[in-house]
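Participant: Generate coordinates for the sequence data below:
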Amino acid sequence: MIKNQGFILKYYLNFSIIVIFSSNIFAQTVNSTADTSTSVVFKNKLGAEYPGKPLLLSLIIPGAGQYYNKDRFWKVATFSGVELLSLFSYYALNKRADEIKNDFQIFADQNWSLNNWVTNKMQMVNSENNGRLWSQFEALNNLTGSHDLILVLSGTLKQNYGPFVSSDSLEKYPQWANSPDVTVARDRHFYENVGKYDQFLGGWSDASSNWFWEEKDVGDTTEIIIKTPNKDKFLDMRKDSNDLLNYAKFSISVIMFNHLLSGVDAVISSQNSKNKTLRNKPFKKDLSLYYNPDNPLGIGGINMRIRF
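Facilitator: The predicted model follows:
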């Protein structure tokens, strides 16, 4: 959560610096004899002025440009409200996601162990479920595979093998699973692996009595998934947390879109009230937001075009 809060603060600072820096560049290009206003202005070839102060205000704080233009209250309230609601949603969704994350990590700590994993691998060979034996699933019969866990060693084992070894070592030294000098590192990879890969199913506390398998359609093929009730509950909790994080990322996209839309509206509103030339010559505007689910922030890009 602290990392996410740091990002949004960084976003606001960077956004504000860019806007202010850009305004100084534009201000330097303006003819100083144009007028005595402190507003930043843009000029087209015909000499028509485009006040930049409302634009800059709205880009930094949505609704501020509308307030500066003395626009109707509902406009100020709408842009400000969207900003506040999006910020609240971002923090609330992240907070709830962190709470669920803490819950599923505690659940895994209480219901998955190295001892269960090694013991079930050795003793569950003839266990049967829905017509298939435990031994018929290759992933359940090996402590090694495409993924592994990090084992933390202490005492004599640490002196002989170092502080960390792969869980692949249990294939050769299964007795380590009962050693007080061996613990599993409960890091991000641990919580991902024990829920995602069948290789680690034997570690769940209910694997010896309630394991089951089911078929899942994946495109043109069928995939077999092996679960236990505890593993299923863990996966549901993890999915809920990840879904909330994705919703929070989209809130950032809404915030950026709201800043830009408020800025464009502030310019248009200012010109409609202050510049007759532009008031009689409508703007052609195109503003769109691209959402990219692969981007950590959910932002694929923003396309904005304004033609006078």
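Participant: Now name the helix or strand holding Thr144.
Facilitator: Assessed by DSSP states H and E, Thr144 sits outside every helix and strand.
Participant: wait, Asp217
Facilitator: Using DSSP H and E, Asp217 sits within strand 212-218.
Participant: Where do the strands of the chain begin and end?
Facilitator: Remark: strands assigned in the chain by DSSP state E are 41-43, 49-51, 128-129, 132-133, 150-153, 164-166, 182-184, 212-218, 221-227, 284-291, 299-307.
Participant: which stretches of the stretch 151-300 of the chain have low pLDDT?
Facilitator: For the stretch 151-300 of the chain, the stretches with pLDDT under 70 are 273-300.
Participant: try it again with 50
Facilitator: Along the stretch 151-300 of the chain, the model assigns pLDDT under 50 to residues 276-279.
Participant: What ranges does it have for its helices?
Facilitator: For the stretch 151-300 of the chain, helices defined by DSSP state H, counting those that start in this stretch occupy the ranges 155-161, 188-196, 207-210, 229-274, 276-279.
Participant: of those helices, which approaches Ser89 most closely?
Facilitator: helix 229-274 (4.7 Å; CB to CB). For glycine as for every other residue, the C-beta is placed from the backbone atoms N, C-alpha and C.
Participant: What residue spans form the domains of this protein?
Facilitator: Under automatic domain parsing, the residue ranges defining each domain of the chain are 2-103+241-307, 113-203.
Participant: buried ones in the strand holding Asp217?
Facilitator: For strand 212-218, a neighbour-count test (16 or more other CB atoms under 10 Å) marks Trp213 as buried.
Participant: same for that strand, what does it pack against?
Facilitator: Other elements packing on strand 212-218 under the criterion 3 or more CB pairs under 8 Å, 6 or more residues apart in numbering; DSSP states H and E are strand 221-227.
Participant: got the angle for the strand it packs on vs helix 188-196?
Facilitator: If you take axes from the mean of the first three to the mean of the last three CA atoms, to 10 degrees, strand 221-227 sits at 110 degrees to helix 188-196.
Participant: Please renumber the chain so that the first residue is 653 from this point on.
Facilitator: Understood, numbering begins at 653; the last thing we discussed is strand 873-879.
Participant: and strand 873-879, what other elements does it pack with?
Facilitator: Here strand 873-879 touches strand 864-870, going by 3+ CB pairs under 8 Å, 6+ apart.
Participant: For the strand it packs on, output the C-alpha coordinates as CSV.
Facilitator: The C-alpha coordinates for strand 864-870 follow below in CSV (Å, rounded to 0.1, in the frame of the first residue of the first chain):
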residue,chain,number,x,y,z
PHE,A,864,-9.7,-34.0,-6.2
TRP,A,865,-9.2,-33.3,-9.8
GLU,A,866,-11.4,-31.7,-12.5
GLU,A,867,-11.2,-30.9,-16.2
LYS,A,868,-11.1,-27.4,-17.4
ASP,A,869,-11.7,-26.3,-21.1
VAL,A,870,-8.8,-24.2,-22.3
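Participant: From the chain's centroid, how far away is that strand?
Facilitator: A distance of 28 Å separates the centroid of the chain from that of strand 864-870, by CA atoms, centre = their mean, to the nearest Å.
Participant: strands paired with that strand, and their directions?
Facilitator: Strand 864-870 has these partner strands in its sheet, going by DSSP bridges: strand 873-879 (antiparallel).
Participant: now the residue lying closest to Gly855 once chain neighbours are set aside: how far from Ala716?
Facilitator: Among residues not flanking Gly855 along the chain, Trp769 sits closest, at 3.6 Å (CB to CB, 6 or more residues apart in numbering). Trp769 is 58 Å from Ala716, where distance means CB to CB, to the nearest Å.
Participant: more crowded one of the two?
Facilitator: A count of neighbours by other CB atoms under 10 Å puts Trp769 above the other of Trp769 and Ala716, at 24 against 21.
Participant: what sits against the more buried one?
Facilitator: Going by CB atoms under 8 Å, 6 or more residues apart in numbering, Trp769 touches 795, 822, 829, 852, 854-855.
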